[in-house]
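**Q** Next come a sequence and a model predicted from it.
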Amino acid sequence: MQWSLILLFLMAQCCIDCQLYQFHYINENKNWTEAQQYCRENHTDLATVTNMKDMERLINISAGDQREAWIGLYDQTHGTRTWYWSLPDVEFSETNWATGEPTDNGNQGSENCVIVNKNLSWIDSYNETNKTHKYHLIKDMKTWQEAQSYCREKHTDLISGTKQLQDEEVKKLMDSSRDYSHIGLFRDTCRWSDGSSFSFRHWNLQFDNQQPNRGQCAMTKFDGEGRWTNENCDNKKPFICYEDEVILIKENKTWEDALNYCRGHHHDLVTITNMDDQRWIQEKVKNASTDHVWIGLHYIWSLRFWVWVSDQEVSYENWGSPGQMGDCNVSGAMETGGGHKWFKRNDTDLFNFICSKK
């Protein structure tokens with residue numbers, strides 16, 4: 001009987017829509033602040049865009065006759081410029097600035113992109129200055145933004161994070177280079193309406209998003225590419241909201257109590273099936289009050305493997321230590337700091353947890 005139940009559990013149907021957040025196009029003309037208020041009252045917030053997959057989803061939204069819409073990115077008035085890595089899941093922590101850098105070259109607010117020399121030391125630079133981008137030995141002369149766009153279209157992204165930059169293959173590439181090269185480090189004063197720290201930007205390549213006279217609020221165009229521009233926040237436009245399908249519960253519970261809470265109040269403990277899900281969840285767990293949060297990952301001791309409570313296959317993994325251990329009464333938890341890795345924890349440990357809403 002026990003084996004039959006386990007097999008039924010593993011063979012249950014997969015969820016139809018596993019997106020952790022949904023976009024909603026609102027065909028009403030409002031200024032940016034009015035749009036933000038509407039989204040917060042009726043959904044979660046103005047759209048936060050985390051990657052190119054999100055951009056594809058936005059582009060496919062039915063816009064009717066409208067050609068543009070507000071999103072949730074805005075430029076803070078006198079805001080502090082913050083450094084970001086272009087690759088969304090890499091956090092800015094360790095640095096390798098060349099002596100005296102960053103300098104801004106005496107021009108406040110001008111040098112917001114980074115290049116590296118042959119020693120892989122970092123130097124802040126102008127976006128408008130053409131440098132040779134040699135990641136994968138690409139020798140085209142491009143601005144930083146053009147290089148970022150090229151890498152996202154042809155590969156993954158500009159090289160990001162000290163771990164990648166310290167790779168021996170990268171060092172060999174730079175040894176053969178006589179020029180400076182772009183890397184995926186930039187800074188700006190822009191923030192997302194929901195307070196998240198996602199670094200993804202998709203500015204119009206012909207547009208300098210640092211020009212304050214163009215306005216402080218970002219919109220996307222429904223022109224096939226969805227490139228963003230800054231506009232006056234008082235202009236009336238349609239807008240895009242997002243609906244968060246996961247929620248952080250700041251109550252300390254055992255894994256089983258967390259599971260029962262999610263199923264009684266929402267849908268289930270959250271399932272993470274890919275890197276995009278991981279990025280979305282790790283942004284949420286930064287606000288937790290415990291050092292780990294429960295997720296919907298449980299160890300079936302009798303079969304010696306891990307399963308998601310939603311019946312999804314454990315294909316994507318992000319273990320911080322070996323997950324398949326011969327222990328009973330253990331489940332998966334994500335660390336709320338560091339690399340947001342997964343760890344096995346005793347079911348009786350008390351943590352915050354993440355529920356899915358559907």
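**A** That came through, no problem.
**Q** Thr77: neighbour count?
**A** Taking other C-beta atoms under 10 Å as the criterion, the count of residues near Thr77 is 8. Where you see a C-beta, it was placed from the backbone N, CA and C, and this is true even at glycine.
**Q** and if you look at Tyr25?
**A** 17.
**Q** What strands flank the helix or strand harbouring it, and is each parallel or antiparallel?
**A** Using DSSP states H and E, Tyr25 sits within strand 21-30. Strand 21-30 has its sheet partners listed here by DSSP bridges as strand 237-244 (antiparallel).
**Q** after the partner strand comes which helix or strand?
**A** Following strand 237-244 in sequence, per DSSP H and E, is strand 246-253.
**Q** Looking at that next one now, give me its mean pLDDT.
**A** Mean pLDDT, strand 246-253: 97.
**Q** Hey, what's the angle from it to strand 21-30? Just curious.
**A** 130 degrees (axes from the mean of the first three to the mean of the last three C-alpha atoms, to 10 degrees).
**Q** So which bits of strand 246-253 are buried?
**A** By 16 or more other C-beta atoms under 10 Å, the buried positions in strand 246-253 come out as Val246, Ile247, Leu248, Ile249, Lys253.
**Q** what packs against it?
**A** helix 255-265, helix 275-285, strand 351-356 (3 or more C-beta pairs under 8 Å, 6 or more residues apart in numbering; DSSP states H and E).
**Q** On the three-state scheme, Asp54 is what?
**A** helix (DSSP: H, G, I helix; E, B strand; the rest coil).
**Q** Can you give me the distance of the spatially closest residue to Gln148 that is not a sequence neighbour to Ala147?
**A** Spatially, and ignoring its direct neighbours in sequence, Gln148 is nearest to Leu158 (5.1 Å; C-beta to C-beta, 6 or more residues apart in numbering). Leu158 is 6 Å from Ala147, where distance means C-beta to C-beta, to the nearest Å.
**Q** With Ala288 instead?
**A** In terms of C-beta to C-beta, Ala288 sits 36 Å off from Ala147.
**Q** Which one of the two is surrounded by more residues?
**A** Neighbours per residue (other C-beta under 10 Å) separate Ala288 from Ala147, with Ala147 holding more: 26 against 20.
**Q** Using PDB, write out every CA atom in stretch 338-349.
**A** C-alpha atoms of stretch 338-349 as PDB (Å, rounded to 0.1, in the frame of the first residue of the first chain):
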ATOM      1  CA  GLY A 338      24.900  34.200   0.800                       C
ATOM      2  CA  GLY A 339      24.300  32.300  -2.400                       C
ATOM      3  CA  HIS A 340      20.700  31.300  -1.400                       C
ATOM      4  CA  LYS A 341      21.700  27.600  -1.700                       C
ATOM      5  CA  TRP A 342      19.500  24.700  -0.700                       C
ATOM      6  CA  PHE A 343      20.300  22.600   2.400                       C
ATOM      7  CA  LYS A 344      18.700  19.600   4.000                       C
ATOM      8  CA  ARG A 345      17.300  20.400   7.500                       C
ATOM      9  CA  ASN A 346      15.500  18.300  10.100                       C
ATOM     10  CA  ASP A 347      11.700  18.500   9.600                       C
ATOM     11  CA  THR A 348      11.400  19.800  13.200                       C
ATOM     12  CA  ASP A 349      13.500  22.900  12.700                       C
END
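**Q** Show me what counts as buried in that stretch.
**A** Quick answer for stretch 338-349 (16+ other C-beta under 10 Å): His340, Lys341, Trp342, Lys344, Asp347, Asp349.
**Q** And stretch 318-334, what's buried?
**A** Applying 16+ other C-beta under 10 Å to stretch 318-334 flags Asn318, Gly323, Val330, Ser331, Gly332, Ala333, Met334 as buried.
**Q** Skip the chain neighbours and tell me the closest residue to the fourth one.
**A** It stands for Ser331. Using C-beta to C-beta, 6+ apart, the nearest residue to Ser331 is Trp255, at 4.2 Å.
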